[in-house]
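>>> My questions concern the predicted model and sequence given below.
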Amino acid sequence: MKTNKLQTGLVRNYLTATTVSALLSLTTYIGAATAQSADPKHPDPLQPDDNIAVISSTVQIPQYYYVTLGPGKGTLTVEFSANGFPGAGGEIRVTLLKKGSNKNYNVVVKSTKAVFGSDAAQTGQVTIPFDVKQASQVILRIDPPSSGLIVAAGRYNIKATGAVKFAPIDSNQAQVVGTYRVHSYILGENESNKLIKLMADGKILSETGSTGSWSLFDPSSKTYVLELASKRSTVIFWPAVGFSAESTGNPDLQLVR
């Protein structure tokens, strides 16, 4: 099997509030989302059956997963669909990476593209068969469609079958720590359009002087509970973007990085 050197570097676009709002509105289309990671050093573990997430051209940051393959045969399948999403379909790249001599996951096992359209019949699929003699942990990288005037967005579903070993759901919460702009009354009227900081010790600090706490409620869907100034909210964390209200709620209620 041929390998190529992985071109390093991530393209990170600064997002306007309008662009972020467009991405977060996608949460209404997917129900409960599977965990996903935008950090190549802390990819999320693939789980048995469906691994569903959303991706958009408005956020030019790849998403990462890991799984152990072998010994034996199996298949990794990634299916894309833009059906029901605003905007158009697009082209997404899927890359399977393995560990190199420097112990970094920078050796490309396979890299291929899938094109998907905006109606139900225009799905795109990538299938990666494998047959390995020794168990090997790999990383699956999903690159978003190219950015442009028209938003390209959709959902994808990853399935791993055959000789596959799954790791437990990662409850690592390091990605959550940081500063966010509150774009609604989700944490109270006084906190709207203010900056808050989620601390590593589980505390919340606001520029208004208010304090509170945050905690993980459901690792599989990255659902968190935020409490600030007597206001309690349940939100979903989207790596590299921020928090949205629950997928059944108002997508305009959000905290943005």
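That came through fine.

>>> In contact with the residue nearest in space to the middle of the chain: list those residues for me.
When the chain is reduced to its mean C-alpha position, the closest residue under C-alpha atoms, centre = their mean turns out to be Gln36, at 3.6 Å. Gln36 is in contact with Asp44, Ala53, Gln63, Tyr65, Lys222, Pro239, counting by C-beta atoms under 8 Å, 6 or more residues apart in numbering. To be clear about C-beta, it is placed using only N, CA and C from the backbone, and glycine gets the same treatment.

>>> The closest residue to Lys165 other than its chain neighbours: what's it in contact with?
Take Lys165 and drop its neighbours on the chain: the residue closest to it by C-beta to C-beta, 6 or more residues apart in numbering is Thr68, 4.0 Å away. For Thr68, the contacting residues are Ala135, Ser136, Gln137, Val138, Val164, Lys165, Phe166, Ala167, by C-beta under 8 Å, 6+ apart.

>>> Just the buried ones from those, in PyMOL syntax?
Command for PyMOL that selects the buried part of the contacts of Thr68, burial taken from 16 or more other C-beta atoms under 10 Å:
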select buried, resi 138+164
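
>>> Which of the contacts of Thr68 fall within strands?
In this view, the contacts of Thr68 that belong to strands under DSSP state E are Ser136, Gln137, Val138, Val164, Lys165.

>>> The third one and Glu79: what is the separation?
I take that to be Val138. From Val138 across to Glu79, the span is 19 Å (C-beta to C-beta, to the nearest Å).

>>> Break the chain into its domains for me.
As assigned by automatic domain parsing, the chain contains the domains 11-165, 174-256.

>>> What subset of the contacts of Gln36 is buried?
Neighbour-count burial (16+ other C-beta under 10 Å) is assigned, among those, to Asp44, Ala53, Gln63, Tyr65, Lys222, Pro239.

>>> Can you tell me the number of residues neighbouring the closest residue to the last one other than its chain neighbours?
It stands for Pro239. Beyond its immediate neighbours in the sequence, the residue positioned closest to Pro239 (C-beta to C-beta, 6+ apart) is Ala38, lying 3.7 Å away. The burial metric for Ala38, expressed as a neighbour count using other C-beta atoms under 10 Å, is 19.

>>> and Ala38, what is it in contact with?
Remark: with contacts taken as C-beta under 8 Å, 6+ apart, Ala38 is in contact with Ile61, Pro62, Gln63, Tyr64, Gln175, Pro239, Ala240.

>>> what pLDDT does it get?
Per-residue pLDDT puts Ala38 at 82.

>>> try Thr211
Taken from the predicted model, the pLDDT recorded for Thr211 is 94.

>>> for Ala114, same thing?
With respect to pLDDT, Ala114 scores 83.

>>> tell me how far the ends of stretch 92-107 are from each other?
Stretch 92-107 has its terminal residues 20 Å apart, counting by C-alpha to C-alpha, to the nearest Å.

>>> buried stuff in it?
Applying a neighbour-count criterion of 16+ other C-beta under 10 Å, one finds Ile92, Arg93, Val94, Thr95, Leu96, Leu97, Lys98, Tyr105, Asn106, Val107 buried in stretch 92-107.

>>> which element is the first one on?
Pointing back at Ile92 there. Following DSSP states H and E, the helix or strand that holds Ile92 is strand 90-98.
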